[in-house]
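S.K.: Give the three-dimensional model of this entry:
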Amino acid sequence: MSDEEEQKCECPPGLPAWMATFADLMSLLMCFFVLLLSFSEMDALKFKRLAGSMREAFGVQAIVNVDSIPKGTSIIAQEFSPGKPDPTPLQTIMQQTEMDLPNLEQLCEQQVADALQEECPKVQGEELSDIVLEKIKMLVEETENDAITLASALESEVRNNQVEVETRGRKIVIRVQEKGSFSSGSADLNPEFYPVIDKLVELLKSMEGSISVEGHSDSIPIRTARFRSNWDLSAARALEVAHALFESGELEPSRFSIAGYADTKPLAPNDSAENRARNRRVEIILQQPLDDETKKEIQKARDVAPGILPSDQSEEWQGLAPDEIF
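M.R.: The predicted structure is shown next:
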């Protein structure tokens, strides 16, 4: 048979009939597996466990970190476990301690006691000083209120620049200017000033404390038959005001002290007529006392913790007499 005869074999046109059935079956299987995949839940932990089990089942060798040299295996160690050892009785040795020697606890207690003994007075002193200073501040406020009362009673004289009123701590300073009270170079009170003296007597007799009358002058020297210097003039003016105050008998002379300072304590520089007129004055200083209880508290605070209270020259003690601040 020749090659030409073999090539002339007639084949039926189109695909074989079984191909349609096979394609339908593959499509159905694909849809089935797609549905299974959509209904299933992926659990990563279970997947890893499964993969590990399969890896060990198929003989995949695990990686083991070698920390020491390989050694032989003891059959006895594999088959038998070590026995539990029984405690061995030991001889007990007790330390002998002499009780008269201080132990650690006693030393600690002593240190705490010493610290308390050192710090407690400081704390108590600080508390007492705070109480004392607070009480002094209250007393200073009372002095300021008394000064306001004095200024209100002498309102007309204050407006006319005849009298000034100010406070210095527990001191009330009533400053009598030369204008209206004394003539130039004279130590005799003008008759027009006696009503002011009467007002001062009424006010001072209702207030406790010592009264200091101090005379001051300017820096221009004076020398007359009566006054050899400004010291004589300032002292004579202070004495004249003091006599006028306790002349009525309503004020005890024992409350008074008199001093003349000439030009040693000027209020302003003696470089103008106005300043010199301001320096020529008589000051009536009312020193209001501290009560006995406050004095005791001050002394107690200084005894308990010396150095806690401020120094005597500080602002807290301004205006207090030396015997009041000890």
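S.K.: Show me where this structure has its strands.
M.R.: 163-168, 171-177, 210-216, 256-260, 281-287 (DSSP state E).
S.K.: Just send those back as JSON lines, with distance to Leu204 too.
M.R.: From N, CA and C alone the C-beta is placed, and that goes for glycine too. Output for those, formatted as JSON lines (distance: least, CB to CB, whole Å):
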{"stretch": "strand 163-168", "distance to Leu204": "12"}
{"stretch": "strand 171-177", "distance to Leu204": "9"}
{"stretch": "strand 210-216", "distance to Leu204": "7"}
{"stretch": "strand 256-260", "distance to Leu204": "10"}
{"stretch": "strand 281-287", "distance to Leu204": "7"}
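S.K.: Of these, give the one that comes closest to Ile148.
M.R.: strand 163-168 (8.4 Å; CB to CB).
S.K.: and the closest one, which strands flank it?
M.R.: Here strand 163-168 has these sheet partners by DSSP bridges: strand 171-177 (antiparallel).
S.K.: Which residues does stretch 31-38 contact?
M.R.: Residues external to stretch 31-38 that are found in contact with it (CB atoms under 8 Å, 6 or more residues apart in numbering): none.
S.K.: Could I get the contacting residues of Val158?
M.R.: By CB under 8 Å, 6+ apart, the neighbours of Val158 are 151, 164-165.
S.K.: got it, and Val173?
M.R.: Taking CB under 8 Å, 6+ apart, we find Val173 in contact with 164-167, 283-285.
S.K.: run the last query once more with 6 Å
M.R.: 166, 283, 285 (CB atoms under 6 Å, 6 or more residues apart in numbering).
S.K.: Tell me what the first one is bridged to.
M.R.: What that stands for is Glu166. Val173.
S.K.: and it, how many neighbours?
M.R.: When neighbours are counted by other CB atoms under 10 Å, Glu166 registers 13.
S.K.: And for Phe193?
M.R.: Look at Phe193: counted by other CB under 10 Å, it has 17 neighbours.
S.K.: Now it: closest residue in space that isn't a chain neighbour?
M.R.: Nearest residue to Phe193, sequence neighbours excluded (CB to CB, 6 or more residues apart in numbering): Ser181, at 4.7 Å.
S.K.: Tell me how many other residues surround that neighbour.
M.R.: Look at Ser181: counted by other CB under 10 Å, it has 24 neighbours.
S.K.: on that earlier part again, wait, which of the contacts of Val158 is closest to Asn279?
M.R.: Glu164 (12.9 Å).
S.K.: who's in contact with that closest one?
M.R.: Contact analysis of Glu164 by CB under 6 Å, 6+ apart lists Arg175.
S.K.: The same query, at a cut-off of 7 Å, please.
M.R.: 158, 175 (CB atoms under 7 Å, 6 or more residues apart in numbering).
S.K.: Count the neighbours of Ser184 for me.
M.R.: 8.
S.K.: Report pLDDT for it.
M.R.: Ser184 is assigned 82 on the pLDDT scale.
S.K.: For it, which non-adjacent residue is closest in space?
M.R.: Nearest one to Ser184, counting by CB to CB, 6+ apart, is Glu178 at 7.5 Å.
S.K.: thinking that neighbour is in contact with Arg278, fair?
M.R.: No: using CB atoms under 7 Å, Glu178 is not in contact with Arg278; the gap is 8.9 Å.
S.K.: ok, back up a step: any idea how far Arg280 is from the residue nearest to Phe193?
M.R.: 10 Å (CB to CB, to the nearest Å).
S.K.: got it, and Leu37?
M.R.: Leu37 is 119 Å from Arg280, by CB to CB.
S.K.: One more: Ile148?
M.R.: 26 Å.
S.K.: between the two, which one's more packed in?
M.R.: Of the pair Ile148 and Arg280, Arg280 is the one with more neighbours under other CB under 10 Å, namely 25 against 12.
S.K.: Mind pulling up the pLDDT for the more buried one?
M.R.: Looking at Arg280, its pLDDT is 90.
S.K.: what about stretch 199-214, average pLDDT?
M.R.: Here stretch 199-214 scores 90 as its mean pLDDT.
S.K.: Pull the residues that contact that stretch.
M.R.: Under CB under 7 Å, 6+ apart, the answer for stretch 199-214 is 146, 150, 153-154, 174, 238, 241-242, 245, 248, 250-251, 255-259, 261, 282-289.
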